[in-house]
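[1] Dropping the sequence and predicted coords here.
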Amino acid sequence: MQNAPRILIVTAAIDRHARQMKTAFEALGAVARFSKLSEIAFDSGSASGFSIPGFGETLPDAICVRTMDGGSFEAVTRRLGILHGLEALGVPVSNSARSIELCVDKAATSFQLRSAGLPSPRSICVERRDDALAAIAAADRPMVLKPLFGSQGKGLKLLRTPEDLPPDEAIEGGVFYLQEFAGKAVGTRWTDFRVLVSDGRAVAGMRREAANWITNIKQGAIALPMEPDGEMERIAVAAAKAVGADFCGVDLLRDGDGAIQLIEVNSMPAWTGLSKVTPIDIAMTRARDLLARLGARDRPGTLAETLLPKAV
């Protein structure tokens, strides 16, 4: 369609979420194409400086980052450089490369949350084993060892004493990221919350419940409806702002004193569990918000300016 916004969906795999995104963009009148970041080339001989599958030497009107393909340090650096470069050329990228960098790195996330004055368990990130042991010994409560770049609840270890710290060969990347354990069981069940933030709004939420303290859906937790919680939604929106994310999943819980604690911010969230307990069409919300942003910036008079009202 002439003048239709052209959207590049960056995704490591064309999974169900990516297909939902494409369907949503196209339902709103955009043209959407898929590509891995590994398939995009820097090309100083092209008009744009890039060669993008489906776009040639031209640039898309906006980038929607669903997931990034993993790889070596050099490969990931190159791929983030692509997003930085596209942003420098004025292409809206959601989420931005900077936001992705902050959210992927748990220590950087914790630093940003603290800098914003938001409630989050104390975290310590070091490279020397002696420093990690000293931190565990000095802590007033157990600590959770997490892979710095991990996700989906994989590789988490609850450390009650320094002796619980795994051997060095089990520490991913040689980096010790430790976060004070803030969870509390109710009876035999553990619970936390995921709030989805889009364009500065809390648009959906769920309560996750599990038989153990790891409450990720991928680790066997169940998704349940979340009662409206204005304070938790406000804090989730503030967390998204702190890391510069315009679409993210914010993980929170209430500690033993009932206070809200921010645990993590995910800049590339899936919504399998969330979609089961909310009537919100998450892919449509994501697409609508990105296209509205595009329309407000530089596509006056096109479909991007006349989209359906934003979901609330």
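    Yes, it's here.

[2] Return, as residue ranges, the portions of the stretch 51-200 of the chain with sub-threshold pLDDT.
    Residue ranges of the stretch 51-200 of the chain with pLDDT under 70: 152-153.

[3] can you map out the strands along it?
    All strands of the stretch 51-200 of the chain, identified by DSSP state E, counting those that start in this stretch, fall at 62-65, 93-94, 123-126, 143-146, 157-159, 176-180, 190-198.

[4] Throw those into CSV and include distance to Val237 and mean neighbour count, thanks.
    Yep, even glycine has a C-beta here, placed from its N, CA and C like the rest. Formatted as CSV, the entries for the strands of the stretch 51-200 of the chain read as follows, by distance: least, Cβ to Cβ, whole Å; neighbours: other Cβ atoms under 10 Å:
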stretch, distance to Val237, mean neighbour count
strand 62-65, 20, 25
strand 93-94, 16, 23
strand 123-126, 21, 19
strand 143-146, 24, 23
strand 157-159, 30, 16
strand 176-180, 22, 23
strand 190-198, 6, 23
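
[5] Next, format those strands as CSV and append distance to Ala4.
    Formatted as CSV, the strands of the stretch 51-200 of the chain follow (distance: least, Cβ to Cβ, whole Å):
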stretch, distance to Ala4
strand 62-65, 12
strand 93-94, 18
strand 123-126, 45
strand 143-146, 43
strand 157-159, 49
strand 176-180, 44
strand 190-198, 22
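
[6] With respect to Asp168, which of these lies nearest?
    Taking Cβ to Cβ, strand 176-180 is the member of those nearest to Asp168, at 9.5 Å.

[7] Give me the contacts around the closest one.
    Residues from elsewhere that reach strand 176-180 (Cβ atoms under 8 Å, 6 or more residues apart in numbering): 106-107, 110, 121-127, 129, 131-132, 135-136, 139-148, 159, 165, 263.

[8] Over to stretch 273-287?
    So stretch 273-287 is contacted by 7, 17, 20-21, 23-25, 27-28, 30, 64, 194, 196, 198, 203-206, 208, 217, 221-226, 247, 249, 271, 310-311 (Cβ under 8 Å, 6+ apart).

[9] For the buried ones among those residues, write the corresponding PyMOL selection.
    In PyMOL syntax, the buried subset of the contacts of stretch 273-287 is picked out as below (16 or more other Cβ atoms under 10 Å):
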select buried, resi 7+17+20+21+24+25+28+30+64+194+196+198+203+204+205+206+208+217+221+222+223+226+247+249+271+311
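
[10] that older thread, looking at the strands of the stretch 51-200 of the chain, which is closest to Glu87?
    Here strand 93-94 is closest among the strands of the stretch 51-200 of the chain (Cβ to Cβ), at 5.0 Å.

[11] What is that closest one packed up against?
    Other helices and strands packing on strand 93-94, by 3 or more Cβ pairs under 8 Å, 6 or more residues apart in numbering; DSSP states H and E, are strand 62-65, helix 73-88.

[12] Partner strands of it, with direction?
    If you go by DSSP bridges, strand 93-94 pairs up with strand 62-65 (parallel).

[13] and the strand it pairs with, how far out from the chain's middle?
    14 Å (Cα atoms, centre = their mean, to the nearest Å).

[14] All the helices of the stretch 201-312 of the chain, in order from the start?
    For the stretch 201-312 of the chain, the helices defined by DSSP state H, counting those that start in this stretch occupy 230-242, 282-298.

[15] Point out the other helices and strands that the shortest one packs with.
    I take that to be helix 230-242. Against helix 230-242 (3+ Cβ pairs under 8 Å, 6+ apart) you get helix 106-115, strand 190-198, strand 201-210, strand 247-254, strand 260-266.
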